[in-house]
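okay, sequence plus prediction incoming.
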Amino acid sequence: MSTLNDNPAPHRFALRYAARLDKFPHLAGEDPIDQLNFIADQGFVALEDSRMQERPVDLQDRLACEMERLGLAMGTFLATFDFERPTFSSGRDDLRQKTLTELRAAIEVAKRLNARWFTVIPGTLHPSLPIGFQTANVVDLLRRCCDVCEPSGMIMLIEPLNVRVDHPSMFLTRTDQAYAICRAVANPHCKLLADVYHQQITEGDLIPTLDDAWDEIAYVQVADHPGRYEPTSGEINYRNVFRFLHRKGYAGLVGMEHGQSIPGREGELAVLRAYREIDPANSNCNARTATPLRA
């Protein structure tokens, strides 16, 4: 683990960012507990780990204890997903039962980590079933998922994914589509995960679209495009996106679901620098005046 003198000073952010567990191995070290302490020291308020359900139970327990001590929240993780089959859209009973079983297992992980959210990926499009029937099947299964979530209070997040770059043939691809499905499900345990990276690739018009979908958004994730790296590395004006979230009074988490554009320790410093420069707490600063980070 790097010494305190090697690390940049803590920072107070206006938005509630959730850092990935593997985001700062050069600055924090490889040990997950050291990484949690570094995340908290830098001003991030939550941990996000999409594959948390696959981690050993003893590690989940250790992380939960340290997160409680540090006051860190647990962000979203993948509860049930399939990037190759029409798990929700087909209406097949075997795929429905598989989904509900995975959801129940994810709830146990969430309880262990005191998590409020997890992400559900509704799978691919059915190759021949008309889209109206597919949508009805998705809504029906999400309602059944809500029945599973309700006793624990979990919020299930559905996430539109882009098909151009990352995930061909997915059923859920647009914000308006996800919004309509959330309205059809009509249950507070089913909400929208707005991933700005996917939204930029698929539809653009970022801020008006976020505003239109606002009532169903419970969680936000970010990455720049192209590359899926940290904000400021690509074409998205994240300074304005974050200002919008702040002006709307967004109190949820902003998941840092991205890689880094520069490898190694310098790249990790660049990630910290980017968030400090464009966070609304520093909205009047630019790259020349923001707090410097030691290389």
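Perfect, I can see it now.

which non-adjacent residue is nearest His198?
Of all residues not flanking His198 in the chain, Asn162 sits nearest, at 4.5 Å (Cβ to Cβ, 6 or more residues apart in numbering). All C-beta spots, glycine's among them, are computed from the backbone N, C-alpha and C.

cool, Pro25 as well?
Gln35 (7.3 Å).

for the stretch 51-200 of the chain, which spans come out with low pLDDT?
The model of the stretch 51-200 of the chain has no residue with pLDDT under 70.

strands of that one, residue ranges please.
Under the criterion DSSP state E, counting those that start in this stretch, strands of the stretch 51-200 of the chain are mapped to 73-74, 78-80, 117-120, 155-158, 190-195.

make TSV from the ones you listed and add distance to Ala40 to it.
Formatted as TSV, the strands of the stretch 51-200 of the chain follow (distance: least, Cβ to Cβ, whole Å):
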stretch	distance to Ala40
strand 73-74	11
strand 78-80	24
strand 117-120	20
strand 155-158	24
strand 190-195	24
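
quick one: closest of the ones you listed to Gln42.
Closest of those to Gln42 is strand 73-74, at 15.1 Å (criterion: Cβ to Cβ).

could you name the helices and strands sitting against that closest one?
Counting contacts by 3 or more Cβ pairs under 8 Å, 6 or more residues apart in numbering; DSSP states H and E, strand 73-74 is packed against strand 46-48, helix 57-70.

most tightly packed of the ones you listed?
Mean neighbour count (mean count of other Cβ atoms under 10 Å) peaks for strand 46-48 among the helices and strands packed on strand 73-74, with a mean of 26.

tell me the helices and strands packed up against it.
Partner elements for strand 46-48 (3+ Cβ pairs under 8 Å, 6+ apart): strand 16-20, strand 73-74, strand 253-256.

just how off-centre is the top helix by length along the chain within its chain?
Using DSSP state H, we find that the single longest helix of the chain is helix 93-113. Relative to its parent chain, helix 93-113 has a centroid offset of 19 Å by Cα atoms, centre = their mean, to the nearest Å.

show me what counts as buried in it.
Neighbour-count burial for helix 93-113 flags 95-96, 99-100, 102-103, 106-107, 109-110, 113 (criterion: 16 or more other Cβ atoms under 10 Å).

which residues touch the residue nearest to Pro25?
Counting by Cβ atoms under 8 Å, 6 or more residues apart in numbering, Gln35 makes contact with 21-25, 28-29.

same deal with Ser90?
By Cβ under 8 Å, 6+ apart, the neighbours of Ser90 are 123, 126, 129, 134, 137.

that older thread, let me have the strands of the stretch 51-200 of the chain in CSV, extended by mean neighbour count and distance to Gly249.
CSV is the format used below for the strands of the stretch 51-200 of the chain (neighbours: other Cβ atoms under 10 Å; distance: least, Cβ to Cβ, whole Å):
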stretch, mean neighbour count, distance to Gly249
strand 73-74, 22, 18
strand 78-80, 23, 28
strand 117-120, 25, 19
strand 155-158, 24, 18
strand 190-195, 24, 15
